[in-house]
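>>> Coordinates for the following, if possible.
(2 chains, ligands or ions: 2)
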Amino acid sequence: MIELNDVTKIYDGQTVPAVESLDLKINEGETCVFVGPSGCGKSTILRMINRMIEQTSGTITINGEEVRGTDPDHLRMNIGYVIQQIGLLPHRTVAENVAIVPRLHGWDKDKICKRVDELLELMGLIPEETRDKYPAQLSGGQMQRVGVARAMAVDPPVMLMDEPFGAVDPIVRSHLQDEFLRLQTEMRKTICFVTHDINEAIKMGDTIAIFTKGHLVQHGTPQEILSKPKNEFVRDFIGQDRVVKMLTLFQVRSIAKANPCTIHEDELPNIRQKMKEQQARGCFLVDQSEAPCGLIIAEDLERESDASQERLKELAFSRRGAFIDQHLLLSDALSYMLEWDTDYLGVMNGQDLSGVVSMADIRECASRKEGD
Amino acid sequence: MNWPRMLDALSRIPHDLSIHILMVVIALAISIAISIPVGVLLTRPRYKKWGIVVMNILNVCQSFPGMAIIALAMPILGLGLKPAITALIIQALLPIARNTIAGLNGVDPGIKEAAKGMGMTPKRVLTEVEVPLAMPVILAGIRTSAVLVVSMGTLAAYIGGGGLGDLIIAGLNMLWVEFLLVGAGFGALLAIAFDRGLRYVEDRLTPPGFSSI
Ligand SMILES: Nc1ncnc2c1ncn2[C@@H]1O[C@H](COP(=O)(O)OP(=O)(O)O)[C@@H](O)[C@H]1O
Ligand SMILES: [Mg+2]
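Numbering: from 1, shown residues only, chains lettered A, B, ... in the order given. Ligands and ions are numbered 1, 2, ... in the order given. Below is the predicted model of the structure:
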């Protein structure tokens, strides 16, 4: 657990504090994302935690131990630190870079070698190919991965990450975020993660701390921040699509309803009857192997009351993409609904149709989460 | 061309050249031993503020003509090899110190931040990160000094330092072209040799994995 009590930092020669009277608690195993406009003091806070700089006043403790009482080099050896510039040593190979902290800890050679390969693999790099390369021979994404591997080398319980995925393009960034989230669900490290990107904050954070001009404005779970922005600044910082952003917090399966109404091609003439019985507004066409291949919605039937079997099939096929993986997010579901012009989507569990999600469910979810 | 005189000049080369090399090597070694630690010290946070002062002093030394330094060395230090070497050291200090400071200051702050942030002690950061990364720039400074000292060394003969300057001064006094040619020619060759040799060392000592610089 990391605790900051009434921490203030005024840089030499400046009068305005870079960070002022900050109280913040980060629980064990939690990722707290510091977010805010550039220059609001995020990096300053991070650098005080591992004593790269000293606070002007206040106390910072890690697991109850005040950091100012510890040997700074020793403290840093036991805290993972990733910065935006990555800072790989250009004259050392990838393996040597990753081995820096284990070497400082005095590990023996075999143990270091094994750990290096393990880490490279963990970060999605092929050890045989990357181990002996120099940083200049790597792509931006690979460097970023080596930077994270290096910070995790001795499996430190606390990690400080200052815009760790800031230097790569959006696609690679999104990959790295997903992979890191997957690792973190197993590692449960205590992480301070700095970003200026609210979307990254929502994605990565167990809690989000929003800063402006050296002050903490709001600290809470993504859901709290999105549903109850404390003031105009937070509201503006989140943006106009606040509710859509909130939908990114939920997977489709969390609101999907089981037992979707399905129909085989030869039953199509009875579709009205069937939908009425099941009180369904959408009915999924399935083939002989029960694989879903289309969707008919109630509006189709109302509009074309005398549609032939052929026409019904055609209508069903026109929504052949109205199916969504259960692990995708409600915001994705919204996009699918707009794309396929339907209020209903089939929810897929692998190859099987496992449920249905409707626009009404999403609206209810959004308003419920906002209400409570 | 007077061949016997030419042979006379050439026969003096082993002695004069070895003195010259000795002078240059000692002067270089001592100025390296002074300049690099001074450069390192002046890039440490505690002494950074002295950096500009010291650089200004060295810049002033540098702007003295070589001849003036040699001339000033005589009344203070007397005649002989030692005062000559002292004069050379003064001239050689600046390029090395300046490049050491520039090289160390030029190391990417992100790399230093990461190294410190991983728990490397300041000493380790200096020896394992900063110095290796600044090495190409430092060596370029040494090369500049070497060439400077080789050519300045010819003036050392005026205060009894010996070396190739002896030949050149004799040539000038007697208007013997052969002595001038041999003295100046070997001086030039020596400068080229030092430049080439140090360039080779530079290539060998440049850390692998460097794409730029
Ligand atoms: N070493 C420093 N010396 C003086 N001022 C600094 C220093 N580092 C940061 N600052 C100032 O402190 C404020 C906060 O900086 P920083 O923590 O880097 O912001 P952020 O990481 O949120 O962009 C800025 O106004 C910046 O100019
Ligand atoms: Mg920053």
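>>> Now do the residue nearest to the spatial centre of chain B against ligand 1, distance only.
Taking CA atoms, centre = their mean, the centroid of chain B lies closest to B:Ser145, which sits 2.7 Å from it. Distance, B:Ser145 to ligand 1, by CB to the nearest ligand atom, to the nearest Å: 35 Å. All C-beta atoms are positioned from the backbone trio N, CA, C, and that covers glycine.
>>> What residues of stretch A:13-20 count as buried?
Within stretch A:13-20, the residues scored as buried using 16 or more other CB atoms under 10 Å in any protein chain shown are A:Pro17, A:Ala18, A:Val19, A:Glu20.
>>> ok, now stretch A:263-270?
Buried residues in stretch A:263-270, counted by 16+ other CB under 10 Å: A:Ile263, A:Leu268.
>>> Give me every residue in chain B that's in contact range of chain A.
B:108-121, B:128-129, B:132-133, B:207-211 (CB under 8 Å from any CB of the partner chain).
>>> For the closest residue to A:Asp155 other than its chain neighbours, the count of nearby residues, please.
For A:Asp155, ignoring the flanking residues on the chain, the nearest one in space by CB to CB, 6 or more residues apart in numbering or on different chains is A:Met187 at 8.0 Å. Neighbours of A:Met187 under the rule other CB atoms under 10 Å in any protein chain shown: 15.
>>> List phi and psi for A:Met187.
phi -80, psi -40 (degrees, to the nearest 10).
>>> From what I see, A:Cys32 and A:Phe211 are in contact.
No. Applying CB atoms under 8 Å, one finds A:Cys32 not in contact with A:Phe211, separated by 11.7 Å.
>>> dump the residue contacts of the nearest residue to A:Gly36 once chain neighbours are set aside.
Distances taken as CB to CB, 6+ apart place A:Phe211 nearest to A:Gly36, at 3.6 Å, with adjacent residues excluded. By CB atoms under 8 Å, 6 or more residues apart in numbering or on different chains, the contact list for A:Phe211 reads A:Phe34, A:Val35, A:Gly36, A:Cys40, A:Gly41, A:Lys42, A:Val217.
>>> Skip ahead from the host helix or strand of A:Phe211 and say which helix or strand is next.
Take DSSP states H and E as the rule and A:Phe211 turns out to sit in strand A:207-212. Next along the chain after strand A:207-212, taking DSSP H and E as the criterion, comes strand A:215-220.
>>> Write out the residues of chain A neighbouring ligand 1.
A:Tyr11, A:Gln14, A:Ala18, A:Ser38, A:Gly39, A:Cys40, A:Gly41, A:Lys42, A:Ser43, A:Thr44 (CB under 6 Å from any ligand atom).
>>> which one of those residues sits closest to chain B?
Nearest to chain B among the residues of chain A next to ligand 1: A:Ser43, at 10.1 Å, using CB to the nearest CB.
>>> and that closest one, what helix or strand is that in?
When elements are assigned from DSSP H and E, A:Ser43 belongs to helix A:42-49.
>>> starting at the chain centroid, how far to that helix?
Mean-position distance between helix A:42-49 and its chain equals 22 Å (CA atoms, centre = their mean, to the nearest Å).
>>> what's it packed up against?
If you count contacts as 3 or more CB pairs under 8 Å, 6 or more residues apart in numbering or on different chains; DSSP states H and E, helix A:42-49 packs onto strand A:2-9, strand A:19-26, strand A:31-35, strand A:57-62, strand A:158-162, strand A:190-195.
>>> Just list the residues touching residue 194, thanks.
Using chain A here. By CB under 8 Å, 6+ apart, the contact list for A:Val194 reads A:Val33, A:Phe34, A:Val35, A:Lys42, A:Ser43, A:Leu46, A:Met161, A:Asp162, A:Glu163.
>>> I was after chain B.
The neighbourhood of B:Phe194, defined by CB under 8 Å, 6+ apart, consists of B:Val24, B:Arg143, B:Ala146, B:Val147, B:Val150.
>>> For the helix or strand harbouring A:Asn97, which outside residues touch it?
Element membership for A:Asn97, per DSSP H and E: helix A:94-98. Applying CB under 8 Å, 6+ apart, the contact partners of helix A:94-98 are A:88-89, A:113, A:115-116, A:119-120, A:125, A:130-135, A:138, A:146, A:149-150, A:153.
>>> Next, count neighbours for the residue of chain B at minimum distance from ligand 1.
Using CB to the nearest ligand atom, the single residue of chain B nearest to ligand 1 is B:Pro109, 10.3 Å away. Applying other CB under 10 Å, we find 11 residues neighbouring B:Pro109.
>>> For it, list the residues it contacts.
A:Gln85.
>>> before we move on, what about the one 3 residues further on?
Residues counted as contacts of B:Lys112 (CB under 8 Å, 6+ apart) are A:Gly87, B:Val125, B:Val129, B:Glu130.
>>> Make CSV out of the residues you listed and add distance to A:Val94 and neighbour count.
As requested, those are exported to CSV (distance: CB to CB, whole Å; neighbours: other CB atoms under 10 Å in any protein chain shown):
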residue, distance to A:Val94, neighbour count
A:Gly87, 14, 26
B:Val125, 20, 20
B:Val129, 16, 24
B:Glu130, 21, 22
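>>> what's the pLDDT at B:Phe210?
Note on B:Phe210: pLDDT of 68.
>>> got it, and B:Arg204?
85.
>>> Could you pull out the buried residues of the helix or strand it falls within?
Per DSSP H and E, B:Arg204 falls inside helix B:177-205. Within helix B:177-205, the residues scored as buried using 16+ other CB under 10 Å are B:178-184, B:186-187, B:190-191, B:194, B:198, B:202.
>>> Break down the stretch 51-200 of chain A into its helices, ranges please.
Remark: helices assigned in the stretch 51-200 of chain A by DSSP state H, counting those that start in this stretch are A:72-77, A:94-98, A:100-104, A:109-122, A:127-130, A:140-151, A:170-187, A:198-204.
>>> Which neighbouring elements make contact with the fifth one?
Think helix A:127-130. Helix A:127-130 sits against helix A:109-122, with contacts defined as 3+ CB pairs under 8 Å, 6+ apart.
>>> just to revisit the earlier point, most neighbours, which of the residues of chain A next to ligand 1?
Busiest of these [other CB under 10 Å] is A:Lys42, holding 26 neighbours.
>>> Can you identify the element that follows the lengthiest helix in chain B toward the C-terminus?
In chain B, assigned by DSSP state H, the helix with the most residues is helix B:3-41. For helix B:3-41, the following helix or strand on the C-terminal side (DSSP H and E) is helix B:48-63.
>>> For the helix or strand just after that following helix, C-alpha coordinates in CSV please.
Using DSSP H and E, the helix or strand that follows helix B:48-63 towards the C-terminus is helix B:66-77. C-alpha atoms of helix B:66-77 as CSV (Å, rounded to 0.1, in the frame of the first residue of the first chain):
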residue,chain,number,x,y,z
GLY,B,66,51.2,28.6,-28.4
MET,B,67,54.4,30.7,-28.9
ALA,B,68,53.3,33.0,-26.0
ILE,B,69,52.8,30.1,-23.6
ILE,B,70,56.2,28.6,-24.5
ALA,B,71,57.8,32.0,-24.0
LEU,B,72,56.0,32.6,-20.7
ALA,B,73,57.0,29.1,-19.5
MET,B,74,60.7,30.0,-19.7
PRO,B,75,61.0,32.7,-17.1
ILE,B,76,58.7,30.8,-14.7
LEU,B,77,59.9,27.2,-15.2
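>>> count of residues packed around A:Lys228?
Neighbours around A:Lys228, by other CB under 10 Å: 12.
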